[in-house]
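> sequence and predicted model, in that order:
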There are 4 protein chains.
Amino acid sequence: VWDMAKSRFEYVRKFEQDDRLLHDTWIVIRIDGRGFHKFSSEHAFSKPNDARALGLMNKSAECVMQTFPDIILAYGQSDEFSFILKKETTLFRRRASKIMTTVVSCFTANYLFHWRDFFGEISLLYPPSFDGRAVLYPNESVLKDYLRWRQADCHINNLYNTCFWCLVDSGLTNDAAEERLSGTQSSDKNEILFSEFNINYNELPEIFRKGTTLIRQEVEESVTKLCKAKKEEGLSERLVQRKRKVVTAFHTDIIGEAFWSEHSKILDL
Amino acid sequence: VWDMAKSRFEYVRKFEQDDRLLHDTWIVIRIDGRGFHKFSSEHAFSKPNDARALGLMNKSAECVMQTFPDIILAYGQSDEFSFILKKETTLFRRRASKIMTTVVSCFTANYLFHWRDFFGEISLLYPPSFDGRAVLYPNESVLKDYLRWRQADCHINNLYNTCFWCLVDSGLTNDAAEERLSGTQSSDKNEILFSEFNINYNELPEIFRKGTTLIRQEVEESVTKLCKAKKEEGLSERLVQRKRKVVTAFHTDIIGEAFWSEHSKILDL
Amino acid sequence: VWDMAKSRFEYVRKFEQDDRLLHDTWIVIRIDGRGFHKFSSEHAFSKPNDARALGLMNKSAECVMQTFPDIILAYGQSDEFSFILKKETTLFRRRASKIMTTVVSCFTANYLFHWRDFFGEISLLYPPSFDGRAVLYPNESVLKDYLRWRQADCHINNLYNTCFWCLVDSGLTNDAAEERLSGTQSSDKNEILFSEFNINYNELPEIFRKGTTLIRQEVEESVTKLCKAKKEEGLSERLVQRKRKVVTAFHTDIIGEAFWSEHSKILDL
Amino acid sequence: VWDMAKSRFEYVRKFEQDDRLLHDTWIVIRIDGRGFHKFSSEHAFSKPNDARALGLMNKSAECVMQTFPDIILAYGQSDEFSFILKKETTLFRRRASKIMTTVVSCFTANYLFHWRDFFGEISLLYPPSFDGRAVLYPNESVLKDYLRWRQADCHINNLYNTCFWCLVDSGLTNDAAEERLSGTQSSDKNEILFSEFNINYNELPEIFRKGTTLIRQEVEESVTKLCKAKKEEGLSERLVQRKRKVVTAFHTDIIGEAFWSEHSKILDL
Ligand SMILES: Nc1nc2c(ncn2[C@H]2C[C@H](O)[C@@H](COP(=O)(O)OP(=O)(O)OP(=O)(O)O)O2)c(=O)[nH]1
Ligand SMILES: Nc1nc2c(ncn2[C@H]2C[C@H](O)[C@@H](COP(=O)(O)OP(=O)(O)OP(=O)(O)O)O2)c(=O)[nH]1
Ligand SMILES: Nc1nc2c(ncn2[C@H]2C[C@H](O)[C@@H](COP(=O)(O)OP(=O)(O)OP(=O)(O)O)O2)c(=O)[nH]1
Ligand SMILES: Nc1nc2c(ncn2[C@H]2C[C@H](O)[C@@H](COP(=O)(O)OP(=O)(O)OP(=O)(O)O)O2)c(=O)[nH]1
Ligand SMILES: O=P(O)(O)OP(=O)(O)OP(=O)(O)O
Ligand SMILES: O=P(O)(O)OP(=O)(O)OP(=O)(O)O
Ligand SMILES: O=P(O)(O)OP(=O)(O)OP(=O)(O)O
Ligand SMILES: O=P(O)(O)OP(=O)(O)OP(=O)(O)O
Ligand SMILES: [Mg+2]
Ligand SMILES: [Mg+2]
Ligand SMILES: [Mg+2]
Ligand SMILES: [Mg+2]
Ligand SMILES: [Mg+2]
Ligand SMILES: [Mg+2]
Ligand SMILES: [Mg+2]
Ligand SMILES: [Mg+2]
Ligand SMILES: [Mg+2]
Ligand SMILES: [Mg+2]
Ligand SMILES: [Mg+2]
Ligand SMILES: [Mg+2]
């Protein structure tokens, strides 16, 4: 009876729908922390940027890249990260659900796994989680604009938040600070920072202003190998040059063309 | 210039696709451990069932249910869990990606968060992750068959694995045990267990044989409340009766009708 | 070289996406005339209802039902028709594109093919066409509400149009008629028709007020068959009773329960 | 009561799903005659190619292009036609169902509407219909390969059919002809045609061998306009040069690069 049972019910698999993503198109997986407004405040993240929190985000993203070799680039800022899969990827036969859920789960797991390395004795009060989505970009031009959009978002939020917390630290209430900034443009905010707080915005750490771009870069290493020079001889150590791809972080501008022409082959990987 | 930049790139949002799931239809999110064959072996899970591992899975699923009140039932076995969202749910406007990624991320985060409570000093060697998918079931009959399918799968795998590890423990190689079981039916495996290992399969713990079904059950509690009997009087303690839904675990048969008629309102919640 | 060519390019098939519709769910194909405002006016349809035009729509829908046996019911009004496929249909493996395009093409072809039968010497000035869509309804209750929605739409438009053209015929400009009706409720419009034009709306032809519902009804026929009574005898004519399903039109209310209880098995076909 | 009714049921619209196609991507609509094996035989199409039938297909496709200005190219052969929409099209907000159903319906309507112009007194025995589908191609290279695939298909089928009907005309049964051709390559078929039937395949009409490619070409026309030379003068006729796009048919190779470099701007329209 049992031997029949499983197959009798197996028809329910037919209800699963094929969600393979269009071929020859870049797949972007963007993940974003759920309720990180509360999470950052309950874990006393420093404002507006917490170097430990960003370090943990970047570490988790790097681990995701180690797990999925078809990710060619990742860009992160605040509580979010975007992962670009090469356009020819056949990861999970391009099934959208499998790709986005495994990426988000892998990221989440790493975030918890490495928490202590960044936050030390500050323990997790509750488990943080992330949402995820898959978006297709059919050509290089829109794909780059996607990444530019995320970096422009980083810039605008960070400039605003930097001003906001300076104003609050200087004694304004949250409401007053918000009021003060409402309607201002970027130039106004730069000016406030400079004239009132003696801060040159452009000299703040790049990681805060530009976010983090992870790509795979070729490095040359010297490794010691044991080998036989000739068939009859014994083993001897030898220094060998080897090329290897390592995930490397940049905190530079990706809106202009410079980054893209310097790393012109990334998107063709 | 920056103020323009973000909006100039914002058109890339148009590439996100609307993935809202059909209304008035049960949404099942099934998650499954990635590479748990290796994970269970590297963390020395006992074979074929590890009570700690199942406890951690169930705990994580319970936390998912606390987080998402629209989940009316969850069924788990081995390294997988299925979550049933009520058919009228408007969680994330029924967006498939948001629902499946947050469920899988929430489960993953809880699995790591609660690891120590179940595995104590045995520490995680690397972060485990899960995949996820969303499947729609349009009527009660197919929805129940879906759950029956998972429980039948639990039964068949568990009976097989129980026999397999008995044979291996008794001295057979893995290959020999596999060979011995190939072509056998459920009745043959029951017989092997009974005659050769003195095990009555039906007396093994139900959690191993039937998996875990989590539902919300109403319980009546007595809670102490501070209240004024009359407007002019002071506060006094009073014992109040209160109804509350609590997530409750069952390890019983869900293939027959008994469970469903006993809990006849679950699916209508 | 040619023999290779085709297979060399065949990879482009991979770009076709699987669009099979959820199982065990009613599929509704609704088609609607494109630009029938202009088409009806250029072909001088009588206002607000043209019996020939409705006859041609119904004839075309009936032919669609003859072509696709899995259509259990069709409902039409104005320039639109909805076709309900039985929930278990495996037509074209439930591929959405194939189903909706063949239904809309079949309808269009029949509309042109049978034009002369309804419009006689009035010839087509240009080829009319239709759009189409597929919508899933997971249970009987929402499916019936779908059909009720279309019939309520028929009623409201028809009541309005009947008033509008009466007012225009009585001398008002189109704008004045519109103005006169703006803000009125059903009861007001009934009243206008009755008191000003001596028309009892409920006595107008049902086909105008209720649209057309096509279902398959069993009829018993007597057919003459040639058969041998006994093996050794010659052929002789015999009258045989036979049951057959024929597409039958109703112009009755489908909003209340009467129609559905009278034809209680339609949706289970 | 009626005034409420419609809005009470209107919730059923929520069951319609958003099916907008990825932006910045070419949309190909391919339509194909349903059961044209039977249709061509019942209407005595000449074998293997019927010039009237191809003429009617091409005429219908041209009318589709007149109706939808965003179609930049169409390719047809046998009972099928593919329509390429420019990659930026916003036709029907890129809704897949609307696009594919209106294209297939428009084609069907024109096929019936223009039948007499091509088949004269031979009347339609029953209404022919077409299926349709939408496929996305994200870059020029795969889009061209799609068109090459259809032309390679045309070539291979036509060479086969030409041989087949020559053999049948020469007295072979259908089965014998099939048998004779089984396992042969293109070169073998060319040889059979040449040595046994004195036919140089490459000299057969290009429309049969290459199918039909429709594009919009700019032409310069002289048109007579009535205009006033000076304000005070009367009207006088003047010959004006005007540029206009007209749908033009080619029966040439589109597999090699020549066609594409000659019409290098088509895909950018
Ligand atoms: N103090 C502090 N807060 C941060 C840092 N990084 C991110 N956050 C906070 C600021 C925002 O409130 C929040 C990110 O904004 P979101 O739009 O993602 O909102 P949130 O995650 O609360 O809601 P969501 O679930 O994504 O809709 O995380 C940080 O380094 N320091
Ligand atoms: N020893 C032991 N192993 C378990 C237990 N629960 C699950 N597992 C193992 C047995 C299976 O090898 C594995 C679950 O099978 P799956 O089909 O999900 O395979 P796996 O996760 O390796 O691959 P996947 O990434 O899901 O395709 O997890 C347990 O309690 N004890
Ligand atoms: N005179 C007259 N007009 C009719 C009759 N049946 C339908 N029509 C007209 C009235 C409406 O203007 C039109 C149907 O309305 P729709 O909303 O479908 O608009 P239309 O087809 O113009 O645009 P569409 O392409 O569907 O968006 O057809 C009829 O029997 N007599
Ligand atoms: N004699 C003749 N037959 C033609 C001509 N053009 C197309 N046909 C026929 C040959 C094929 O049997 C048929 C087209 O093949 P299909 O693969 O489209 O098959 P068919 O339309 O029968 O089935 P379908 O509904 O598309 O699956 O149309 C023609 O010019 N002359
Ligand atoms: O979450 P937001 O508000 O930054 O914007 P979003 O992520 O695009 O919105 P959603 O999470 O609802 O998709
Ligand atoms: O993972 P399996 O083999 O148990 O079966 P599945 O989960 O249905 O397969 P997949 O993970 O590829 O969807
Ligand atoms: O065409 P309408 O305005 O009656 O309404 P609709 O058919 O739902 O709109 P659309 O044709 O754009 O889907
Ligand atoms: O119809 P065929 O056999 O030429 O091939 P197809 O059109 O790709 O098949 P289908 O019509 O079933 O999509
Ligand atoms: Mg968000
Ligand atoms: Mg967030
Ligand atoms: Mg965020
Ligand atoms: Mg799996
Ligand atoms: Mg697993
Ligand atoms: Mg599993
Ligand atoms: Mg419409
Ligand atoms: Mg219309
Ligand atoms: Mg209409
Ligand atoms: Mg086909
Ligand atoms: Mg065909
Ligand atoms: Mg064909």
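Cool, got the structure. Ligands and ions are numbered 1, 2, ... in the order given.
> now residue A:50: how far from residue A:40?
Applying Cβ to Cβ, to the nearest Å, one obtains 7 Å for the distance of residue A:50 from residue A:40. Where C-beta positions appear, they are placed from N, C-alpha and C, glycine not excepted.
> can you give me the helices for the stretch 151-269 of chain A?
A:174-181, A:186-197, A:206-210, A:258-262 (DSSP state H, counting those that start in this stretch).
> most neighbours per residue, which of those?
Per-residue neighbour counts averaged over each of these give the maximum for helix A:206-210, namely a mean of 19 (mean count of other Cβ atoms under 10 Å in any protein chain shown).
> please see if that helix touches ligand 1.
No: contact between helix A:206-210 and ligand 1 is absent, the nearest approach being 8.5 Å (criterion: Cβ under 6 Å from any ligand atom).
> helices or strands next to that helix in the packing?
Judged by 3 or more Cβ pairs under 8 Å, 6 or more residues apart in numbering or on different chains; DSSP states H and E, the packing partners of helix A:206-210 are helix A:51-67, helix A:140-169.
> ok, the first one near ligand 1 or not?
Yes: contact check for helix A:51-67 against ligand 1, using Cβ under 6 Å from any ligand atom: residues in range are residue A:53.
> quick one: average confidence on the very next helix or strand once past that helix?
For helix A:51-67, the succeeding helix or strand toward the C-terminus, using DSSP states H and E, is strand A:71-77. Taken as a whole, strand A:71-77 has a mean pLDDT of 98.
> quick one: strand A:71-77 to chain centroid distance?
Here the centre of strand A:71-77 is set off from its chain's centre by 5 Å, with Cα atoms, centre = their mean, to the nearest Å.
> okay, angle between that strand and helix A:140-169 too, please.
Angle between the axes of strand A:71-77 and helix A:140-169 is 20 degrees (criterion: axes from the mean of the first three to the mean of the last three Cα atoms, to 10 degrees).
> dump the helices and strands packed on helix A:206-210 to JSON lines, plus mean neighbour count, distance to residue D:172 and mean pLDDT.
Supplementary listing: those in JSON lines, determined by neighbours: other Cβ atoms under 10 Å in any protein chain shown; distance: least, Cβ to Cβ, whole Å; pLDDT from 0 to 100:
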{"stretch": "helix A:51-67", "mean neighbour count": "20", "distance to residue D:172": "62", "mean pLDDT": "98"}
{"stretch": "helix A:140-169", "mean neighbour count": "19", "distance to residue D:172": "56", "mean pLDDT": "97"}
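> which of those helices sits closest to residue B:55?
The closest approach between residue B:55 and any of the helices and strands packed on helix A:206-210, judged by Cβ to Cβ, belongs to helix A:51-67 at 26.5 Å.
> residue A:91: how many residues sit nearby?
Using other Cβ atoms under 10 Å in any protein chain shown, residue A:91 has 17 other residues around it.
> can you give me the helices in the stretch 1-150 of chain A?
Using DSSP H, counting those that start in this stretch, the helices of the stretch 1-150 of chain A run over A:2-9, A:36-42, A:51-67, A:96-113, A:115-119, A:140-169.
> relative to ligand 2, which of those is closest?
Shortest separation from ligand 2 across these is recorded for helix A:96-113, at 8.9 Å, computed as Cβ to the nearest ligand atom.
> does chain D have contacts with that closest one?
No: for helix A:96-113 and chain D, the contact criterion (Cβ under 8 Å from any Cβ of the partner chain) is not met; the two come no nearer than 12.8 Å.
> buried sites along that helix?
Within helix A:96-113, the residues that qualify as buried are A:96-113, counting by 16 or more other Cβ atoms under 10 Å in any protein chain shown.
> tell me the contacts of the nearest residue in space to residue A:137 that is not next to it in sequence?
When the adjacent residues along the chain are set aside, residue A:137 lies closest to residue A:143, with 4.1 Å between them (Cβ to Cβ, 6 or more residues apart in numbering or on different chains). Shown in contact with residue A:143 (Cβ atoms under 8 Å, 6 or more residues apart in numbering or on different chains): A:26, A:28, A:84, A:137, A:267.
> one more pass at 7 Å, please.
By Cβ atoms under 7 Å, 6 or more residues apart in numbering or on different chains, the residues touching residue A:143 are A:26, A:137, A:267.
> wait, what's in contact with the closest residue to residue A:190 other than its chain neighbours?
Across the structure, with Cβ to Cβ, 6+ apart as the measure, the residue nearest residue A:190 apart from its sequence neighbours is residue A:201 (5.2 Å). Remark: with contacts taken as Cβ under 7 Å, 6+ apart, residue A:201 is in contact with A:159, A:162, A:190, A:193.
> out of the helices and strands packed on helix A:206-210, which gets nearest to ligand 14?
Closest to ligand 14 of the helices and strands packed on helix A:206-210 is helix A:51-67 (Cβ to the ion; 18.7 Å).
> the closest one packs against which elements?
Counting contacts by 3 or more Cβ pairs under 7 Å, 6 or more residues apart in numbering or on different chains; DSSP states H and E, helix A:51-67 is packed against strand A:71-77, strand A:80-85, helix A:96-113, helix A:115-119, strand A:212-228, strand A:235-250.
> ranking those by burial, who's on top?
helix A:96-113 (a mean of 27).
> follow-up on the earlier one: so which of the helices and strands packed on helix A:206-210 gets nearest residue B:166?
Ranking the helices and strands packed on helix A:206-210 by distance to residue B:166, with Cβ to Cβ as the measure, places helix A:51-67 first at 35.9 Å.
> need the CA coordinates for the closest one. PDB is fine.
Written as PDB, here are the backbone C-alpha positions of helix A:51-67 (Å, rounded to 0.1, in the frame of the first residue of the first chain):
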ATOM      1  CA  ALA A  51      31.900  49.900   9.500                       C
ATOM      2  CA  ARG A  52      31.300  46.600  11.200                       C
ATOM      3  CA  ALA A  53      27.900  46.200   9.600                       C
ATOM      4  CA  LEU A  54      29.300  47.000   6.100                       C
ATOM      5  CA  GLY A  55      32.200  44.700   6.700                       C
ATOM      6  CA  LEU A  56      29.800  41.800   7.500                       C
ATOM      7  CA  MET A  57      27.600  42.600   4.500                       C
ATOM      8  CA  ASN A  58      30.700  42.500   2.300                       C
ATOM      9  CA  LYS A  59      32.100  39.300   3.800                       C
ATOM     10  CA  SER A  60      28.700  37.600   3.300                       C
ATOM     11  CA  ALA A  61      28.600  38.800  -0.300                       C
ATOM     12  CA  GLU A  62      32.100  37.500  -0.900                       C
ATOM     13  CA  CYS A  63      31.100  34.100   0.500                       C
ATOM     14  CA  VAL A  64      28.100  34.100  -1.900                       C
ATOM     15  CA  MET A  65      30.500  34.700  -4.800                       C
ATOM     16  CA  GLN A  66      32.700  31.800  -3.600                       C
ATOM     17  CA  THR A  67      29.700  29.600  -3.600                       C
END
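> now residue A:200. Nearest residue, chain neighbours left out?
On the basis of Cβ to Cβ, 6+ apart, the spatially nearest residue to residue A:200 that is not a chain neighbour turns out to be residue A:194, at 6.2 Å.
> measure residue A:161 to residue B:126 for me?
Here the criterion is Cβ to Cβ. By it, residue A:161 lies 35 Å from residue B:126.
> what residues does chain A have near chain D?
For chain A, the residues in contact with chain D under the definition Cβ under 7 Å from any Cβ of the partner chain are A:22, A:24, A:25, A:136, A:138, A:139, A:142.
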